[in-house]
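Chemist: Need the 3D shape of this:
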Amino acid sequence: MEFNQTLLFFFSALGAFNGLCLGLYFLLIAKPKHISSKFLGFLLLMLSVRIGKSVVFYFNPDLAFIYLQIGLSACFFIGPFLYFYVRSMIEPKSTIHKTWKYHIALLLPLIVAVGFLFPFEFHIHLWRPYIIYSIYLQWFFYILASGWILRHLLEKLLTSPTKLDARSIWVLSVFLGNLIIWAAYFFTNITYYLVGALTFSFLFYLLALLVFIWKKNKQNVFIPEHKYGAKKIQVNQANSLLEQLQDLMTSEEPFINADLKSSDIAKKVNITVHQLSQLLNENLGKSFPLFINEYRIAKACNLIKSNSSLTLEAIGYECGFNSKSTFYTTFKKIKGVTPAQYKG
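Modeler: Here you go, the predicted model:
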């Protein structure tokens with residue numbers, strides 16, 4: 001094998017090998033134990049088997065048909081495990097713990113039956129292109145289903161990417177990486193055969209770099225965040241904290257600071273950001289931004305009625321909004337009318 005071919009084999013196979021090792025790690029070793037780690041492990045294993053088949057076949061065209069069939073059969077499960085992983089990360093309280101096994105139980109006999117009744121070696125005309133094409137369409141269907149679950153994060157990625165946390169970036173990276181690898185294989189006829197393998201290797205190490213950075217910042221991106229756990233704020237304590245919050249908001253008006261953060265308020269009432277979020281969600285049914293914006297809009301309403309010398313835009317800035325559009329949008333959302341209509 002020539003030196004350039006050796007390098008090509010090394011880089012295209014490296015991602016598959018490491019993906020295989022990492023897949024086993026998530027399945028057998030990774031802690032804390034969580035169903036999402038299992039799905040990620042299976043996803044990496046299926047991808048690695050599919051990628052590995054491509055690499056070996058490219059450099060050894062005489063590869064036995066059974067290995068080609070195994071690689072393509074593994075491809076049949078990439079989409080499902082991507083979907084289950086995304087759901088387990090975005091919807092940790094869903095019934096996926098019970099339903100995923102039944103789902104796989106339907107798919108596994110199907111691909112096994114097809115492989116047994118129509119083995120690749122003797123039915124190449126069926127596998128190419130019909131069965132292979134069906135496998136890729138099924139994979140794409142699960143990608144679309146995963147994208148639907150991630151639709152809000154994808155929208156945020158396009159409009160406000162800086163507001164995405166590390167865990168959201170990780171899940172989106174896994175999803176988009178899967179889409180890119182699918183495209184690399186689906187359009188093999190107009191691209192280089194090893195594009196899928198090389199893409200996987202590149203994405204694998206790019207994501208590994210991101211994980212290394214997040215680990216240094218002590219951010220666990222592999223399992224979903226359990227928002228509040230089982231510890232509930234007692235009623236008496238919650239009422240006391242809510243009174244402190246109300247006194248703080250009316251006496252100091254911290255909401256007029258456009259750069260106000262939840263950590264600023266939590267510090268003033270001597271609780272953690274986590275506890276503040278729990279307090280607002282469980283007792284008022286509000287997120288922190290909504291809680292703050294309601295006070296801002298209440299102040300804006302008072303200024304509109306009592307101070308005709310200020311423009312509506314100036315009132316928005318006076319109440320803590322950092323732009324005219326945000327002020328108008330928030331006002332309409334909370335009051336049901338625009339500032340101008342409210343002013344009459």
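Chemist: Could I get the contacting residues of residue 283?
Modeler: Applying C-beta atoms under 8 Å, 6 or more residues apart in numbering, one finds that residue 283 lies in contact with 233, 238, 242. (Each C-beta comes from the backbone N, C-alpha and C, glycine too.)
Chemist: what about 10 Å?
Modeler: With contacts defined as C-beta atoms under 10 Å, 6 or more residues apart in numbering, the neighbours of residue 283 are 233, 235, 238-239, 241-242.
Chemist: residues in contact with residue 200?
Modeler: Residues in contact with residue 200 (C-beta under 10 Å, 6+ apart) are 12, 14-16, 18-19, 44, 47-48, 50-52, 54-55, 177-178, 180-181, 184-185.
Chemist: again with residue 16
Modeler: For residue 16, the contact set (C-beta under 10 Å, 6+ apart) comprises 44, 47-56, 197, 200-201, 204.
Chemist: run the last query once more with 8 Å
Modeler: Per C-beta under 8 Å, 6+ apart, neighbours of residue 16: 47-48, 51-52, 55, 197, 200-201.
Chemist: repeat for residue 270
Modeler: No residues are in contact with residue 270 under the rule C-beta under 8 Å, 6+ apart.
Chemist: Check residue 66 too.
Modeler: Shown in contact with residue 66 (C-beta under 8 Å, 6+ apart): 119-121.
Chemist: same question, residue 118
Modeler: Neighbouring residues of residue 118 by C-beta under 8 Å, 6+ apart: 126-127, 131.
Chemist: Kindly state the pLDDT recorded for the closest residue to residue 185 other than its chain neighbours?
Modeler: Using C-beta to C-beta, 6 or more residues apart in numbering and skipping residues adjacent in sequence, the residue nearest residue 185 is residue 196, 4.5 Å away. What the model reports for residue 196 is a pLDDT of 70.
Chemist: Please determine how far residue 196 is located from residue 134.
Modeler: If you measure residue 196 against residue 134 using C-beta to C-beta, to the nearest Å, the figure is 18 Å.
Chemist: Among these two, which residue is more densely surrounded?
Modeler: Taking other C-beta atoms under 10 Å, residue 196 and residue 134 do not tie; residue 196 has more neighbours (25 against 13).
Chemist: Buried residues, stretch 266-276. List them.
Modeler: 266, 269, 271, 275-276 (16 or more other C-beta atoms under 10 Å).
Chemist: and if you look at stretch 274-291?
Modeler: Neighbour counts over stretch 274-291 (16+ other C-beta under 10 Å) mark 275-280, 288, 291 as buried.
Chemist: for the stretch 1-150 of the chain, what are the low-confidence residue spans?
Modeler: Along the stretch 1-150 of the chain, the model assigns pLDDT under 70 to residues 1-4, 92-95, 97.
Chemist: Find the nearest non-adjacent residue to residue 277, please.
Modeler: Residue nearest to residue 277 in three dimensions, not counting chain neighbours: residue 288, with 6.3 Å by C-beta to C-beta, 6+ apart.
Chemist: one step back: would you point out the most distant pair within the buried residues of stretch 266-276?
Modeler: By the measure C-beta to C-beta, 269 and 275 form the most distant pair in those, at 9.1 Å.
Chemist: and residue 163, how many residues sit next to it?
Modeler: Residues near residue 163, counting by other C-beta under 10 Å, number 9.
Chemist: same thing with residue 12?
Modeler: Residue 12 has 24 neighbours, counted by other C-beta under 10 Å.
Chemist: try residue 83
Modeler: Counted with other C-beta under 10 Å, residue 83 comes out at 26.
Chemist: And it, which helix or strand is it part of?
Modeler: helix 78-90 (DSSP states H and E).
Chemist: Other residues contacting that helix?
Modeler: The contact list for helix 78-90 (C-beta under 8 Å, 6+ apart) reads 34-36, 39-40, 42-43, 46-47, 50, 94, 96, 100, 103-104, 107, 138-143, 145-146, 149-150, 153, 167, 171, 174-175, 178, 223-224.
Chemist: Buried by neighbour count, from these: which ones?
Modeler: Going by neighbour count (16+ other C-beta under 10 Å), the contacts of helix 78-90 have 34-36, 39-40, 42-43, 46-47, 50, 96, 100, 138-139, 142-143, 145-146, 149-150, 153, 167, 171, 174-175, 178, 223-224 buried.
Chemist: So which of the residues you listed sit within helices?
Modeler: Taking DSSP state H as the definition of helices, the buried ones among the contacts of helix 78-90 contribute 35-36, 39-40, 42-43, 46-47, 50, 96, 100, 138-139, 142-143, 145-146, 149, 153, 167, 171, 174-175, 178.
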